[in-house]
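>>> Dropping a prediction and its sequence here:
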Amino acid sequence: MHSILVPTDFSKNTQTALNYAIDIANQFACKLILFNTYKLSHRAGMFIGVEKMMREDSREQMANLLKETRLKLRDGATLEGKVAKGEAVSTIIRAAKKLEVNMIVMGTQGASGLKEVFIGSTTNGVMVGTKTPVLVVPSEFDYRPLKTIALSIDEKLISNETSLEVLRMIIYRYDAEVCSFHIRSKKDPIPETMESSLGGILEGIKFSFHEIDTDEKSINTRIEAFVKSENADLLCMIKRDRGFWGNLMHSSVTTKEVFHSAVPILILHD
């Protein structure tokens, strides 16, 4: 892990995500890049100097945040701040690609859990549009040492094992164990080779494998119950254009509103 991008609007909602990112940066002795975007509305553009004022305000707040954050870094972790003009989602995605960061760590906008992430937020836009791993931290989450990771898998498992690179690094650094689970309809047969195939992918990593029988109406509550029963500190999912997680992020607001997580979610892209 060499660098982490942390988008921030300098609000309390993003502070929880920043604190989580600070711990990761300290663990890996990597670079933490704080990133703020500002956008000038067409109406505001009629006023001379408005853009300059917005830019200077962002830079001033960034300088203050860098000063506060620097005091929390240790063990060789470094810090950098960037301010950019543009629409938040696209600007964050471009920055992550240009800077070649290992991960984006983002917060939510105040609601408990992660329900609002799937309702057209900036965080959702970045999750859908980037290929960089995204770690989403609920604004109300109380940080605790990362010991157990719940990993959601499907029949396709992982076609590109490099998608797991960040997850592997986190597992090894925190000496965490993995509780993998497969969600299936009660009428679907259990893939006999899934557990053994997963063992090959997670070679050298302590993991358990669980089957969760459910239907579309109860799928979210079953996931929440599993995370809670395993006392997981992180929920990891593999995002594809199709499948449960892909549908969740692209489907109707009704579907999106029923899903939330009490723990951070790490989204990997396959």
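On my side now, so go ahead.
>>> Tell me which stretches of this protein form strands.
Residue ranges of the strands in the chain, as given by DSSP state E, are 3-7, 31-38, 78-85, 103-107, 134-137, 148-153, 177-185, 207-214, 234-239, 265-269.
>>> For the longest helix seen in the chain, list the C-alpha coordinates in PDB.
Taking DSSP state H as the criterion, the chain has its longest helix at helix 50-70. The C-alpha trace of helix 50-70 is given here as PDB (Å, rounded to 0.1, in the frame of the first residue of the first chain):
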ATOM      1  CA  VAL A  50     -16.400  34.300  -6.500                       C
ATOM      2  CA  GLU A  51     -14.200  31.500  -7.900                       C
ATOM      3  CA  LYS A  52     -11.100  33.000  -6.400                       C
ATOM      4  CA  MET A  53     -12.800  33.200  -3.000                       C
ATOM      5  CA  MET A  54     -13.900  29.600  -3.200                       C
ATOM      6  CA  ARG A  55     -10.500  28.400  -4.200                       C
ATOM      7  CA  GLU A  56      -8.800  30.400  -1.400                       C
ATOM      8  CA  ASP A  57     -11.300  29.200   1.200                       C
ATOM      9  CA  SER A  58     -10.700  25.500   0.100                       C
ATOM     10  CA  ARG A  59      -7.000  26.000   0.400                       C
ATOM     11  CA  GLU A  60      -7.200  27.600   3.800                       C
ATOM     12  CA  GLN A  61      -9.400  24.800   5.200                       C
ATOM     13  CA  MET A  62      -7.100  22.300   3.600                       C
ATOM     14  CA  ALA A  63      -4.100  23.800   5.300                       C
ATOM     15  CA  ASN A  64      -5.800  23.700   8.600                       C
ATOM     16  CA  LEU A  65      -6.800  20.000   8.100                       C
ATOM     17  CA  LEU A  66      -3.300  19.100   7.000                       C
ATOM     18  CA  LYS A  67      -1.900  20.700  10.200                       C
ATOM     19  CA  GLU A  68      -4.400  18.700  12.400                       C
ATOM     20  CA  THR A  69      -3.900  15.400  10.500                       C
ATOM     21  CA  ARG A  70      -0.100  15.600  10.500                       C
END
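>>> chain center to that helix: distance?
Relative to its chain's centre, helix 50-70 lies at 25 Å (Cα atoms, centre = their mean, to the nearest Å).
>>> Give the buried residues for it.
Neighbour counts over helix 50-70 (16 or more other Cβ atoms under 10 Å) mark 54, 58, 61-62, 65, 69 as buried. In short, each C-beta sits where N, CA and C put it, glycine included.
>>> what does stretch 82-89 give?
Within stretch 82-89, the residues that count as buried by 16+ other Cβ under 10 Å are 83-84, 88-89.
>>> Residue 35 - how many residues pack around it?
By the criterion of other Cβ atoms under 10 Å, residue 35 has 22 neighbours.
>>> what's the answer for residue 139, then?
By other Cβ under 10 Å, 20 other residues sit near residue 139.
>>> quick one, phi psi at it?
Here is the backbone geometry of residue 139 (degrees, to the nearest 10): phi -60, psi -20.
>>> Leaving out sequence neighbours, find the closest residue to it.
Nearest non-adjacent residue to residue 139, counting by Cβ to Cβ, 6 or more residues apart in numbering: residue 13, 4.6 Å away.
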